[in-house]
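Q: build me a model from this:
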Amino acid sequence: MRYFLFFSAFVLFISIELRAQFDASVSNTLRYGNGERSLGTVNQSLKYFENLTDVRIQLPENFTAGFRLLYDIPPEVGLEFKGIRRRFFEYDGADFSARIGDFSQLYGRGLAMNLFESRGLGYDTWMDGIKAKYKNDYFNISALFGTLDFRDSIIFARNEIHKLRGGNIELTPVKNLSVGLTYIYSRSSLKLFGENKELEINIPSVYANYSFSDFTFSFDYANKETKNKSDKKISNGAAYYSAVSFNADGLGITLDYKNYFFDERDPFEKNDITRSSRMMPFQNPPIVLKEHSYTLLTRAIHEVDFNDETGLQLEIFKSLNEYTDLNINGSISSRHSFYKFDPNHFIFNKHERSDDFLPSFSEEYSPYWELFGEAVHYFDESTYMKLALARRDKIFYDEFFGGRSNHVIKSAIFALQISHSVSSLYSFEGQVEYESVYDNFNGEQKNYNNYLITLINTIESQYTFTVRYEWTNNRFDVSDRIDWITFESGLRITQANTVVASYGRERGGQVCSNGVCRYIQPFEGFRFSLLTNI
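A: Reported below is the predicted structural model:
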């Protein structure tokens, strides 16, 4: 409670002081939880306290300063931290901009450079340094220099220090055509389980975007060379991404293609989490999969292997009439090659295919595919309904035993959502989700079902009360439970302050963002959050 009072007083004080002298904005997120995390029959107490305060001060002459005050002791996920996590000073003019301090960055589609943060996953690749950009009607040029201190403590202790420098130039030679060139150089130090690896990394990249009539074409290519100065080994990899889109009245079609082979390895090396030749954390290409909002569809999604994966995605948006919209999505991904185990010499022999630039449905290439369809119908201004159906298959090919022990997961998902505003005083939203699963590794029960019901009540656009109840007939669930229920209430105190509190059991599961996936353990207990934007 004393931390809560301190941070509340701090946010109030700093906002009053800054607003009295400059145009400033302050956003504050306070989160507290007290309960238990579980994995099977093992329970562990969990109490977390997190407070994040972002301050942004608009100064005269297009200058801006800001900082983040962070208190994560203990955090829900990630590493403990107390102090100023970020600070920056920037100038943003009509043609020229520059920033000193901490920043994110995206070049092209992210094959060479994509720095971002996902606090829910404890993933942060913002770097500290200098970046600058100049632009006019014909080109823009940018450069960066600094250090990325990347720490991944979710799966294992891994600390990477990347001293980055590079830049990007984007030309517009003719109308509707842009061509970009990117170059990233890094002197990197990897600390893995007490072992230090010194690297030099070179990543040139080229991309292009062209629009014509109702069509848009995109292409991005990057090549990565990694020199391990410790053992003098050099590894090379590359990646392609392309997309074509069509958008007209009431119809949108997009076809995405990926071909990522930054570090294709045999099963022995693929499972070596300390290897230094794989894709670096400051890279992050498109996943070429649909990211869902339905709970059961967000779990157990395919985890993209940017080092060895090719795939396609087709998405269609169609407006049937002014009341009904339709969305259809299909995607497939697979590995490029497969490896056959030679037990006599205890090695893997690579079996390549001539069409390895395309995904394969054959089990040897560990394919994943998904079909998804959603219809949204608006009955009137106060009522709408969503209906979604999905089918997905995943095969983990067993290369050690020639496919005799493949892990096969198949599922079908149905979801229905209804939202209705009774009046300006009251509205409700109900959602039902059902999943039928086949998992041949699920103990003695290969087939099971998952169910989820969510009810959200809103009163005067100020009070919310939510109930989520989930259950399964899976006797081998990792949480060692068959049902979970959570009660949540929210109150918007003012336009700038919202309080949310919840109590109950949460199932947990795999959560993914931008291709980064983490398993979040089941949680039972109390959660509280206070969101402020001033």
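Q: going along the chain from the helix or strand of the chain with the lowest mean pLDDT, find the next helix or strand for me.
A: The least trusted helix or strand in the chain, going by mean pLDDT, DSSP states H and E, turns out to be helix 2-21, with a mean of 53. For helix 2-21, the succeeding helix or strand toward the C-terminus, using DSSP states H and E, is strand 23-39.
Q: average pLDDT for whatever helix or strand comes next after that following strand?
A: Using DSSP H and E, the next helix or strand after strand 23-39 towards the C-terminus is strand 42-58. Averaged across strand 42-58, pLDDT comes to 92.
Q: using CSV, write out the CA atom coordinates for strand 42-58.
A: Output in CSV follows, covering the C-alpha atoms of strand 42-58 (Å, rounded to 0.1, in the frame of the first residue of the first chain):
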residue,chain,number,x,y,z
VAL,A,42,3.4,-28.1,-7.9
ASN,A,43,2.1,-24.8,-6.5
GLN,A,44,4.3,-21.7,-5.9
SER,A,45,3.3,-18.4,-4.3
LEU,A,46,3.4,-15.4,-6.5
LYS,A,47,3.2,-11.8,-5.4
TYR,A,48,4.1,-9.1,-8.0
PHE,A,49,4.1,-5.3,-7.9
GLU,A,50,4.8,-3.4,-11.0
ASN,A,51,4.5,0.4,-11.7
LEU,A,52,5.4,2.0,-15.0
THR,A,53,5.3,5.8,-15.4
ASP,A,54,5.9,7.3,-18.8
VAL,A,55,6.5,11.0,-18.9
ARG,A,56,6.6,13.0,-22.1
ILE,A,57,7.3,16.8,-22.1
GLN,A,58,6.8,18.9,-25.1
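Q: what residue ranges in the stretch 401-534 of the chain score low on pLDDT?
A: By pLDDT under 70, the stretch 401-534 of the chain contains no weakly predicted segment.
Q: what about the strands in it?
A: Ranges of strands in the stretch 401-534 of the chain, per DSSP state E, counting those that start in this stretch, are 407-421, 426-439, 447-459, 463-472, 483-494, 497-506, 509-513, 516-520, 523-533.
Q: tabulate these (TSV), appending mean neighbour count.
A: For glycine as for every other residue, the C-beta is placed from the backbone atoms N, C-alpha and C. Shown next, in TSV, are those (neighbours: other C-beta atoms under 10 Å):
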stretch	mean neighbour count
strand 407-421	17
strand 426-439	17
strand 447-459	16
strand 463-472	17
strand 483-494	14
strand 497-506	17
strand 509-513	17
strand 516-520	18
strand 523-533	17
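Q: possible to save those as TSV with distance to Arg109?
A: As requested, these are exported to TSV (distance: least, C-beta to C-beta, whole Å):
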stretch	distance to Arg109
strand 407-421	29
strand 426-439	32
strand 447-459	34
strand 463-472	35
strand 483-494	36
strand 497-506	34
strand 509-513	16
strand 516-520	16
strand 523-533	31
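Q: list the beta-bridge partners for Ser25.
A: Under DSSP bridges, the beta-bridge partners of Ser25 are Arg56.
Q: my guess is it contacts Ile534. True?
A: Yes. At 6.7 Å, Ser25 counts as touching Ile534 under the criterion of C-beta atoms under 8 Å.
Q: looking at those two, which one has more neighbours?
A: Ile534 (19 against 15; other C-beta atoms under 10 Å).
Q: what are the bridge partners for the residue lying closest to Leu491 once chain neighbours are set aside, then?
A: The spatial neighbour of Leu491 that comes closest, neighbours along the chain excluded (C-beta to C-beta, 6 or more residues apart in numbering), is Val499 at 4.9 Å. Val499 has these beta-bridge partners by DSSP bridges: Leu491, Leu530.
Q: repeat that for the one 10 residues further on.
A: Partner residues in beta bridges with Gly509: Ile520, with DSSP bridges as the criterion.
Q: go on, Trp369?
A: With DSSP bridges as the rule, Trp369 is bridged to Ile332, Asp393.
Q: so who does it touch?
A: By C-beta atoms under 8 Å, 6 or more residues apart in numbering, the contact list for Trp369 reads Gly330, Ser331, Ile332, Ser333, Phe361, Arg392, Asp393.
Q: so which of the residues you listed is the closest to Asp308?
A: Nearest to Asp308, judged by C-beta to C-beta, of the contacts of Trp369 is Ser333 at 10.5 Å.
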